[in-house]
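Visitor: sequence and predicted structure below; questions after.
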Amino acid sequence: GEDVEQSLFLSVREGDSSVINCTYTDSSSTYLYWYKQEPGAGLQLLTYIFSNMDMKQDQRLTVLLNKKDKHLSLRIADTQTGDSAIYFCAEIPAYNQGGKLIFGQGTELSVKP
Amino acid sequence: ETGVTQTPRHLVMGMTNKKSLKCEQHLGHNAMYWYKQSAKKPLELMFVYSLEERVENNSVPSRFSPECPNSSHLFLHLHTLQPEDSALYLCASSGGDGKLFFGSGTQLSVL
């Protein structure tokens, strides 16, 4: 079956690192994504990783992929108050039909000054 | 600005009303989607259109009726909705590489 799970809440202090975790069940996934949703807005693609990669870094963002454990994480360095949002992990199975992404429930990140 | 525009941003309707949500993209994408986002639930994929043909309908009640007249426009026609249909309805488009571009959504309240 297809399932993507995330913890619902994470609270950090400004300047600290945030690590948001995600587990997925479909081992055939080709791409895994992180989306960010700010209040009153739609989802915005933050970053993605191809399944043959272990790590991808993009400025303050680091994505780690452990295919064996089907575990994906997003690390935000030097977290700012503007990073407060809901972060969604998503996978796209290999049998993709029409670009169907499977989303997690989202992790609400709260950054305290 | 993601290039995907949804109107209206907010909609309040009674259970006997008929209304339509509109989505427009000028990104040159060939696939468009409707998602429903309810509090404390995962995003629910409702409909997928690829090259203006519906390719997926995830057992959505018939009171929701999509229309895709061309690759740039997508509508969701609503009639005789229920209070539990109150949610944020998100439109997205994709160029086929799996990266979705979302609109800001329509916050729907059914009274």
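Guide: Everything's here; your move.
Visitor: now for the worst-scoring helix or strand of chain A on mean pLDDT, which elements pack on it?
Guide: For chain A, counting by mean pLDDT, DSSP states H and E, strand A:102-103 ranks last in confidence among helices and strands (a mean of 88). Packed against strand A:102-103 by the contact rule (3 or more Cβ pairs under 8 Å, 6 or more residues apart in numbering or on different chains; DSSP states H and E) you find strand A:85-92. Where you see a C-beta, it was placed from the backbone N, CA and C, and this is true even at glycine.
Visitor: related to what we said a few turns ago, quick one: contacts of the least confident helix or strand of chain A?
Guide: A:2-4, A:24, A:26, A:35, A:88-93, B:42-43 (Cβ atoms under 8 Å, 6 or more residues apart in numbering or on different chains).
Visitor: make a ChimeraX selection of the buried ones in the residues you listed.
Guide: Listed next is the ChimeraX selection for buried residues among the contacts of strand A:102-103, using 16 or more other Cβ atoms under 10 Å in any protein chain shown:
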select /A:4,24,26,35,88,89,90,91,92,93 /B:42,43
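Visitor: could you save the contacts of strand A:102-103 as a markdown table and add columns showing pLDDT and distance to residue B:29?
Guide: Shown next, in a markdown table, are the contacts of strand A:102-103 (pLDDT from 0 to 100; distance: Cβ to Cβ, whole Å):
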| residue | pLDDT | distance to residue B:29 |
| --- | --- | --- |
| A:2 | 62 | 24 |
| A:3 | 82 | 27 |
| A:4 | 90 | 23 |
| A:24 | 90 | 25 |
| A:26 | 78 | 24 |
| A:35 | 96 | 17 |
| A:88 | 96 | 20 |
| A:89 | 95 | 23 |
| A:90 | 92 | 17 |
| A:91 | 89 | 20 |
| A:92 | 80 | 16 |
| A:93 | 73 | 20 |
| B:42 | 81 | 23 |
| B:43 | 88 | 18 |
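Visitor: just put the contacts of strand A:102-103 in a markdown table and tack on distance to residue A:80.
Guide: Formatted as a markdown table, the contacts of strand A:102-103 follow (distance: Cβ to Cβ, whole Å):
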| residue | distance to residue A:80 |
| --- | --- |
| A:2 | 33 |
| A:3 | 31 |
| A:4 | 26 |
| A:24 | 28 |
| A:26 | 33 |
| A:35 | 18 |
| A:88 | 19 |
| A:89 | 21 |
| A:90 | 24 |
| A:91 | 27 |
| A:92 | 29 |
| A:93 | 34 |
| B:42 | 27 |
| B:43 | 26 |
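Visitor: closest to residue B:60 among the contacts of strand A:102-103?
Guide: Using Cβ to Cβ, the shortest approach to residue B:60 within the contacts of strand A:102-103 belongs to residue B:43, at 13.7 Å.
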